[in-house]
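In: Just need the structure, nothing else, for what follows:
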Amino acid sequence: MMSHENPNTQDTVVLGEGKYFTFLRTGCWEYIKPKNFTGVVLIVPITDDGKVVLIEQYRTPVGGKVIEIPAGLIGDQEHLADEDHAVGANRELHEETGYEAATMELLTNGPPSAGSNTVMLSIYKATGLKKTGPGGGDHTEDITVHEVPIPELRAWLKRREAKGNIIDLKVYAGLFLAGIMA
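Out: Numbers count the residues shown, from 1 in each chain. You can find the predicted model right below:
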């Protein structure tokens with residue numbers, strides 16, 4: 001029988017801190033914990049005419065342009081400390097893509113990498129989209145918005161990868177959870 005108890009009974013040591021993360025060690029386990037935000041939302045936006053809205057932006061940690069689903073931090077600003085995740089998802093969707101959603105359906109939530117961090121993600125399916133702004137992100141972001149017809153998604157992603165883009169694996173997870181890709 002497997003034990004579900006924490007094998008790391010030693011004290012936790014802070015190894016370093018930044019604006020958004022604390023780097024910790026408990027026993028021999030090193031991991032990061034969120035700091036100054038309460039969660040992360042990811043959005044799978046689907047237009048009424050059958051397109052998925054994806055974004056592209058340069059990501060310093062991987063040194064290249066990444067194709068992603070829109071996403072963002074929740075509670076990372078003082079006035080948003082108690083923000084509802086569905087409301088935050090719609091705020092991030094609008095900021096990054098220029099779309100607002102009539103419906104935000106929670107598909108799942110959980111850790112993206114339980115072995116390396118304590119961050120919790122919430123993935124939403126956004127429908128009833130209405131274009132109400134330019135998108136492109138905030139002053140710290142340079143986001144390109146792509147609207148891809150659902151039947152062309154696989155081929156489009158393969159072409160982007162062949163051109164040197166990195167495809168965030170959460171794109172595939174979100175598309176699967178939204179029932180778009182098996």
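
In: Show me what the host helix or strand of Val13 is packed against.
Out: Using DSSP states H and E, Val13 falls within strand 12-17. Contact here means 3 or more Cβ pairs under 8 Å, 6 or more residues apart in numbering; DSSP states H and E; on that basis strand 12-17 packs against strand 21-26. Using the backbone N, CA and C atoms, a C-beta is placed for each residue, glycine as well.

In: Name every strand pairing with the strand it packs on and say which way it goes.
Out: strand 12-17 (antiparallel), strand 29-34 (antiparallel) (DSSP bridges).

In: What are the buried residues along it?
Out: Neighbour-count burial for strand 21-26, counted by 16 or more other Cβ atoms under 10 Å, picks out Phe21, Thr22, Phe23, Leu24.

In: Return the set of residues that bridge with the second one.
Out: Spelled out, that is Thr22. Counting by DSSP bridges, Thr22 is bridged to Glu17, Lys33.

In: What average pLDDT does the strand holding Val13 get?
Out: Throughout strand 12-17, pLDDT has a mean value of 94.

In: Likewise for stretch 22-38?
Out: For stretch 22-38, mean pLDDT is 89.

In: list the buried ones in it?
Out: Under the neighbour-count criterion of 16+ other Cβ under 10 Å, stretch 22-38 has Thr22, Phe23, Leu24, Tyr31, Ile32, Pro34, Phe37, Thr38 buried.

In: and what of stretch 144-163?
Out: For stretch 144-163, by 16+ other Cβ under 10 Å, it's Val145, Val148, Ile150, Leu153, Trp156, Leu157, Arg160.

In: ok so, going back, kindly indicate which of the buried residues of stretch 22-38 lies nearest Glu96.
Out: Using Cβ to Cβ, Phe37 is the member of the buried residues of stretch 22-38 that lies nearest Glu96, at 16.4 Å.

In: Would you mind confirming that the closest one is in contact with Asp76?
Out: Yes - counting by Cβ atoms under 8 Å, Phe37 touches Asp76, with 4.0 Å between them.

In: Give me the common contacts of those two.
Out: Tyr20 (Cβ atoms under 8 Å, 6 or more residues apart in numbering).
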